[in-house]
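K.L.:
show me how the following folds:
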Amino acid sequence: MEVCHIETLGERIRKLRKQQQLTLKSLAGNELTKGMLSLIENNKANPSMESLNYIAERLGVEVSELLEEVSTLELREVLEKAEKLYNTDFDLLTDEYEQLITLIEPYAQKLTQGYESARLLEMYSRCLHYEKKEGWQVFSDRAATIYEQMKIIQRRASIGGFRAMVKFTEHNYDESLAILLRERSEIEANNAYIDPMTRLDFDYTEAVLHFAVGDSESAIRIMKSGIEFSKEKQVFYRIDYLYRLAVAHAIMKQDDIEYAYYIKKITQYGDFADDKDALFFAKFAEVHYLNSFKKSFKEAHLLLNLLLEEGDYSKEYESFLNLEKGISLFGLKDFEHALVFLEKVTIADYIHHPFDLSRFYVKDAYQALCQEELGNSVEAIRLIDIAVENISTMPHTSYKDFIMVTHELITK
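P.N.:
Below you'll find the model as predicted:
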């Protein structure tokens, strides 16, 4: 990895002079000698404030830019590299966060003003957190302060959302929601205008967190408000995720009418936006609904096989697909093959919502049922005990009910 170099005053003057294709003589003009300017550029002489003002005027920049330890132009170049690393596709992620830390670290203490500084501090703080390094909060606070001063509300709100989601990843759902509500209230109180995308980000995240703490009524209210706002403003940012929440809620309630309505909506959105992920989600949701609630295992198995043959899905779905495959095979009484797929299921580090966790915890219950059917009662009891222990701290869901009923069945 290339080590970043912080420019000196002389280097900044020379770099700007060459960018503007000026010779030493032309920049020196009538006020400086060519030799003195050469000494300044080579850091062998310090210019007086009068000379510095003169040089800045001839270069067409502010004196403050020359005096900055890092020029705005240099920061823009660093930011361009950082954005490319930060926006690496999830499926291709390797050590990009470590690369970002190495890239930004030499500048971190010098970032004090301007969008470039704030954005670099924001990315730097997040990467420190992702890599489990100390001190990320300090850089996050500095980025938030700069955004507030510049009235860049969308990015300031993004920091508030991130602060809340840190607690979410620690499974401290109540505190996560409290932080989000506090951040949202503060930002809305201090700014007369909140852009639609920021509003929809808040709505989506708040609905997710209300569901996480078991307040379905508030979650549904916020979710539906976000959907209506999106339609009213014709801003379809986050609409697919709001529809996904609505689908998940309908599945949990086993509300066929609401489920069909929102599946239709997300499919229409996927067709309109040519969003393959949204279309895949709609088909996958159908598999889950057939398996877990309709108990139509054969139909779920056939649809799942079609999805797997198409293979057009992110690796994020792999464990979800293995889980559904295992459940459908269990329902078809192919217990040995069901166990093969269930044993492939792992809970990724980025899975934190209690509904998603609960959904994965049923894996152990289905494994227990398969072992019971195969005559391995001791192993079945061990597995169902694991499922009960995992689900015990989760809010009430149909998944929790299934695990508890299975526990009663197997232990009898």
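
K.L.:
so for the closest residue to Leu75 other than its chain neighbours, what pLDDT did the model give?
P.N.:
In space, and not counting its chain neighbours, Leu75 is closest to Glu116: 3.9 Å by C-beta to C-beta, 6 or more residues apart in numbering. Yep, even glycine has a C-beta here, placed from its N, CA and C like the rest. Glu116 is assigned 94 on the pLDDT scale.

K.L.:
one more: Ile6?
P.N.:
Looking at Ile6, its pLDDT is 57.

K.L.:
which strands and helices sit next to the single longest helix found in the chain?
P.N.:
For the chain, the longest helix by residue count, based on DSSP state H, is helix 354-373. Here helix 354-373 touches helix 196-212, helix 318-331, helix 335-342, helix 377-391, helix 398-411, going by 3 or more C-beta pairs under 8 Å, 6 or more residues apart in numbering; DSSP states H and E.

K.L.:
where's Thr267 relative to Ala273, distance?
P.N.:
Distance of Thr267 to Ala273, given as C-beta to C-beta, to the nearest Å: 11 Å.

K.L.:
neighbours of Thr346, how many?
P.N.:
Using other C-beta atoms under 10 Å, Thr346 has 12 other residues around it.

K.L.:
next, it: secondary structure please.
P.N.:
coil (DSSP: H, G, I helix; E, B strand; the rest coil).

K.L.:
tell me who's in contact with it.
P.N.:
Thr346 makes contacts with Ser319, as judged by C-beta atoms under 8 Å, 6 or more residues apart in numbering.

K.L.:
and the pLDDT for it?
P.N.:
So Thr346 comes in at 95 (pLDDT).

K.L.:
quick check: phi and psi on it?
P.N.:
phi -130, psi 150 (degrees, to the nearest 10).

K.L.:
okay, now the residue nearest to Asn191 when sequence neighbours are not counted: neighbour count?
P.N.:
In space, and not counting its chain neighbours, Asn191 is closest to Ile153: 5.4 Å by C-beta to C-beta, 6+ apart. Neighbour count for Ile153, taken as other C-beta under 10 Å: 18.

K.L.:
just the element for the residue nearest in space to the middle of the chain, please.
P.N.:
Nearest residue to the geometric centre of the chain (C-alpha atoms, centre = their mean): Phe162, 8.4 Å. If you go by DSSP states H and E, Phe162 is part of helix 153-169.

K.L.:
just name whatever secondary elements that helix is in contact with.
P.N.:
Applying 3+ C-beta pairs under 8 Å, 6+ apart, one finds that helix 153-169 contacts helix 115-130, helix 136-150, helix 173-190, helix 196-212.
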